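> What shape does this take:
(chains A and B)
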Amino acid sequence: MRIRTLAVGLLVGGLALTACGKEGTPTDKPAEGQTGNAATLPEYVVAQNVDVAGSAAFAKAKGAKKITIGVKDDQPGLGKKDATTGQYSGFDIEIARMVAASLGFGKDQIEYKAIPSANREQAITNGDVAYYVGTYTINDKRKAQISFAGPYFQAGQDLLIRADDTSITSKDTLKGKKVCSVTGSTPIQNVRTQKLTEDANIVEFQGYSQCVDKLLTKDVDAVTTDDAILKGFAAQDKSAMKVIGQPFTKEPYGIGLGHDDKALRDKINDTLQKALDDGTWQKIYDATLGKSGSTATKPTLEKY
Amino acid sequence: MNVLLDNLDLFGPFFLTTIELFALAAVGSLIFGTFLAMLRVSPVPVFRAFGTAYVTIVRNTPLTLVFLFMVFAFPLLKVVKLDYFTAAVVALTVYTSAFICEVVRSGINTVPVGQAEAARALGLTFTQILGQIVLPQALRSVVPPLISTLIALLKNTTIAAGFSVAEAGAIRQYLSERGENQLVGLLWVALGFIILVSVLSVVQRSLEKRWSVAR
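Below is the predicted model:
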């Protein structure tokens, strides 16, 4: 008897709590520096009767009447999944959406797949995604396994530090400081090979957010990776963190796709060129990463 | 083969760290686990309750959470500052001890009660009964499950890769950034673990042979 009373009580309490949660969800007012303000984002015209001859990825997507795009889901301002609504937003997401529209796939025909950095080549070669948009630096090693359209953005490795820290001013002042980045990532390998700090001071976690967490608790002194990613984090809490603003590498972001898919690559390059020329690219930037207050220069496409 | 040979600078030190992690955590959890088992069979109710509570809580917590606690929550308590390697050893020890404890306890249950009673009749203390009569026999009868738990510990060390310890579990991420074929890399990592586990299996077989108890 007592158990039944308890169960009923829990059920009623639970229902009441979930009802409370539903009321006034904070999703309808976008926070400062966050994406999601649909008014300023450009609308993309969904192309009709598109055909990309000779592209297996495109044929597969057309047959399925939906396109699967690989993205990141943990990078504010670039590719971020809202935990409450499940909506993706950010600069990379808008580029992905724009390309999908030019291929004839509307908003409701896109399926996003969050794929972490280490699995990207595998996902593309396996054909799990038609293409991948997510802070993907174009380099020759990767070109051997997959190919790139773009670049659609020019980033560079930079440092995120606490706002009140005056001891770190550039990459050359990192000696004796604890530096954090993602396990095995290129930025942290740069730090190691260029001996910017001692090996014992290198900290590696699975995600940048864990590094940021450690930065705020003063267990590490700097988080390093591409400035675009760091700006997204700095924009979340401007009073606590800042980006130094002296990028010391060049990281051109490209759209990753299958190695032999020249047809799709040319098609995407055309779409990007058009967006750079007619101001759509600038609009996307202003409505996403631009909200952090920094400007960006347009990239130049490398067609190959 | 190239993936292995070109990246020996990864495979070598990273697997060495794995072995170090395993060895330290294995010794730690064998000692602490046996101690917990002693608590669980002790005549003092408070000790028994503590042992039971520890095993219930830790055995039902995913190892990743134990790691998360050691790396992200524990430093906030400002007790001692642990480096990430030590934190990983502690997390693995805390977790594996609970399993070792239950293995050892099941071994203690295989020793006939009459032996403990006979020992008590001779005037031995609780520590003497456990340390000289019961535990030696108990450990002999649980060699296979004990080694199984240690094999699980060996594979669990890969979780440390996510918490700033450069060991075998992190090799794949490094290979990915170097543009190497990850599937081939993973096969080499798997082979490395097969070799390590085989060593443990050989140890198990030889211990079983040497320690077999005639009943």
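> so who does the spatially closest residue to A:Lys250 that is not a sequence neighbour touch?
In this structure, A:Lys250 finds its nearest non-sequential neighbour in A:Gly156, 5.7 Å apart by CB to CB, 6 or more residues apart in numbering or on different chains. (Glycine included, C-beta is placed from N, CA and C.) Residues near A:Gly156 by CB atoms under 8 Å, 6 or more residues apart in numbering or on different chains: A:226-227, A:247-251.
> Buried only: go through those for me.
A:226-227, A:247-248, A:251 (16 or more other CB atoms under 10 Å in any protein chain shown).
> and those residues as JSON lines, adding distance to B:Asp6?
Conversion of these to JSON lines gives the following (distance: CB to CB, whole Å):
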{"residue": "A:Asp226", "distance to B:Asp6": "27"}
{"residue": "A:Asp227", "distance to B:Asp6": "31"}
{"residue": "A:Pro247", "distance to B:Asp6": "30"}
{"residue": "A:Phe248", "distance to B:Asp6": "27"}
{"residue": "A:Glu251", "distance to B:Asp6": "24"}
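> I'd assumed A:Val223 was in a strand, is it?
Yes. Under DSSP: H, G, I helix; E, B strand; the rest coil, A:Val223 falls within a strand.
> Tell me the confidence at it?
Confidence at A:Val223, expressed as pLDDT, is 93.
> Over to the one 4 residues further on?
At A:Asp227 the predicted local distance difference test score is 87.
> same check, this time on A:Glu32
So, for A:Glu32, pLDDT stands at 44.
> Run through the residues of the stretch 101-250 of chain A sitting next to chain B.
Within reach of chain B by CB under 8 Å from any CB of the partner chain, the stretch 101-250 of chain A has these residues: A:117-122, A:139, A:141-142, A:144-145, A:182-186, A:189, A:203-206, A:210, A:213-214, A:217, A:219.
> let's go with 10 Å and repeat that
Counting by CB under 10 Å from any CB of the partner chain, the stretch 101-250 of chain A comes close to chain B at A:116-122, A:125, A:139-145, A:180, A:182-189, A:199-200, A:202-207, A:210-211, A:213-214, A:217-220.
> What subset of the residues you listed is buried?
Buried among those (16+ other CB under 10 Å): A:116-122, A:142, A:145, A:180, A:182-188, A:202-206, A:210-211, A:213-214, A:219-220.
> where does chain B have its least confident helix or strand?
Here the helix or strand of chain B ranked lowest by mean pLDDT, DSSP states H and E is helix B:2-6, holding a mean of 79.
> So is that helix next to chain A?
No. Using CB under 10 Å from any CB, helix B:2-6 stays clear of chain A, with a minimum separation of 12.1 Å.
> returning to that earlier point: please narrow the contacts of A:Gly156 to those residing in strands.
Judged by DSSP state E, strands contain the following of the contacts of A:Gly156: A:226, A:251.
> want to try JSON lines for the contacts of A:Gly156, with distance to B:Val44 as columns?
Putting the contacts of A:Gly156 into JSON lines (distance: CB to CB, whole Å) gives the following:
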{"residue": "A:Asp226", "distance to B:Val44": "59"}
{"residue": "A:Asp227", "distance to B:Val44": "61"}
{"residue": "A:Pro247", "distance to B:Val44": "64"}
{"residue": "A:Phe248", "distance to B:Val44": "63"}
{"residue": "A:Thr249", "distance to B:Val44": "63"}
{"residue": "A:Lys250", "distance to B:Val44": "67"}
{"residue": "A:Glu251", "distance to B:Val44": "62"}
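> from the contacts of A:Gly156, which is closest to A:Glu302?
Ranked by distance to A:Glu302 (CB to CB), the contacts of A:Gly156 are led by A:Lys250 at 12.1 Å.
> any idea how far that closest one is from chain B?
Separation of A:Lys250 from chain B (CB to the nearest CB, to the nearest Å) stands at 17 Å.
> quick one: that residue and A:Thr137 touch, right?
Yes. Here A:Lys250 reaches A:Thr137: they are 8.9 Å apart, a contact under CB atoms under 10 Å.
> who touches both of the two?
Shared contacts of A:Lys250 and A:Thr137, defined by CB atoms under 10 Å, 6 or more residues apart in numbering or on different chains, comprise A:151, A:155, A:157.
> Filter those down to just the ones in helices.
Here DSSP state H is the test, and the shared contacts of A:Lys250 and A:Thr137 give no hits in helices at all.
> Can you tell me the SS state at the closest residue to chain A within chain B?
Among all residues of chain B, B:Gly179 sits closest to chain A, at 2.8 Å; criterion: CB to the nearest CB. Classification of B:Gly179 by three-state DSSP places it in coil.
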